[in-house]
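>>> Any chance you could fold what I've pasted below:
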Amino acid sequence: MEKIQLVALFALMLLAGCKKEEQGSGTVGVQIAYKVDSKDLAFDVKDYICEAGYPYEISKLEYYLSSFSMKDSKGKLHTVEGIFYVNAKRSETNLLTFTDVPAGDYTDLYFTLGLDTAKNKSNALEATVDNTNMAWPDMMGGGYHFMKFEGYFTNSSSNTGFALHLGRNGNAVMVHVTKSFSVKADQNNALNLTMNINEWFKHPQVYDFVTDGQYSMSNNTAMQKLSANGVDVFY
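Down below sits the predicted model:
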């Protein structure tokens, strides 16, 4: 009897010493904000200077985010279903909602700016107004724009338009953000992301409107440079 009591006591001590893992799942609201280096984004105001030295203003910024996954503190990846259309001018599109996320602590966020090859096909997405407006012309390969980034820059005192459009398979941006956050079960959990728009122009290669092109849509070299620079735009 005494031996049984000792075994039971030892088992209770082990249970008391173990931290119980949180069970269940929660909702995560991912709020996206925009900066141009240290300045908040304001549309149609020539208040910014790109890495190549041109003053510029922004009139449009819209894009897709997809293929989300989150790595927990044990190194396990949890995927999030969904393709999200984001328009920086429309606040309702800048809040992404993830449901049924396992509760726990997370260390990294992975996602794609753009679409994977399975979805980047003409008419693959629901025929909403936004998706239709983001269509990539069939004569240029079909599918969808991954991003439309437009505005005006000043070159030799001349005000010139630019349209940096990103699309076509191979040019999607694979993003990895190191960010610690927790998800509590049965709660709405908040996660903040910020895009630094000037990063599109600076790293790892300087993007120059004059030498690289003010219109990128038919210039795959320009799109590849934008795609490479886009890896660091979020934090």
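>>> Please name the strands paired to the longest strand anywhere in the chain in the sheet, noting orientation.
For the chain, the strand that runs over the most residues, judged by DSSP state E, is strand 55-72. If you go by DSSP bridges, strand 55-72 pairs up with strand 48-49 (antiparallel), strand 77-80 (antiparallel), strand 84-87 (antiparallel), strand 104-113 (antiparallel), strand 145-155 (antiparallel).
>>> right, and Ser180 touches Asp72 too?
No - contact criterion C-beta atoms under 8 Å: Ser180 and Asp72 do not qualify, at 10.8 Å. C-betas here are computed from N, CA, C, even on glycine.
>>> Looking at the two, which is more packed in?
Asp72 (17 against 9; other C-beta atoms under 10 Å).
>>> Need the pLDDT of Met1.
We have a pLDDT of 46 for Met1.
>>> Where do the strands of the protein begin and end?
Listed in chain order, the strands found in the chain under DSSP E are 25-36, 39-40, 48-49, 55-72, 77-80, 84-87, 95-102, 104-113, 145-155, 158-167, 173-183, 188-196.
>>> these two touch, right, Leu166 and Lys225?
No - applying C-beta under 8 Å, one finds Leu166 not in contact with Lys225, separated by 10.3 Å.
>>> Any regions of this structure where pLDDT drops low?
By pLDDT under 70, the low-scoring segments of the chain are 1-22.
>>> can you do 90?
Low-confidence segments of the chain (pLDDT under 90): 1-23, 156-158.
>>> Any chance of CSV for the strands of the chain, columns distance to Pro137?
Formatted as CSV, the strands of the chain follow (distance: least, C-beta to C-beta, whole Å):
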stretch, distance to Pro137
strand 25-36, 28
strand 39-40, 34
strand 48-49, 30
strand 55-72, 17
strand 77-80, 30
strand 84-87, 19
strand 95-102, 28
strand 104-113, 20
strand 145-155, 10
strand 158-167, 9
strand 173-183, 21
strand 188-196, 26
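>>> closest to Asn220 out of those strands?
strand 158-167 (9.9 Å; C-beta to C-beta).
>>> Name the residues that touch that closest one?
Residues outside strand 158-167 that contact it (C-beta atoms under 8 Å, 6 or more residues apart in numbering): 56, 63, 113-114, 120, 136, 141, 143-154, 173, 200, 209, 214-217, 222-223, 226-227, 230.
>>> Out of those, which end up buried?
56, 63, 113-114, 120, 136, 143-149, 151-154, 173, 200, 209, 214, 216-217, 222-223, 226-227, 230 (16 or more other C-beta atoms under 10 Å).
>>> joint contacts of Ser180 and Asp72?
What both Ser180 and Asp72 touch, as defined by C-beta under 8 Å, 6+ apart, is the set Asp105, Tyr106, Thr107.
>>> are any of the residues you listed buried, and which?
Counted by 16+ other C-beta under 10 Å, the shared contacts of Ser180 and Asp72 give Tyr106 as buried.
>>> now the shared contacts of Ser180 and Asp72 in a markdown table, with distance to Ile49?
Output for these, formatted as a markdown table (distance: C-beta to C-beta, whole Å):
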| residue | distance to Ile49 |
| --- | --- |
| Asp105 | 39 |
| Tyr106 | 36 |
| Thr107 | 35 |
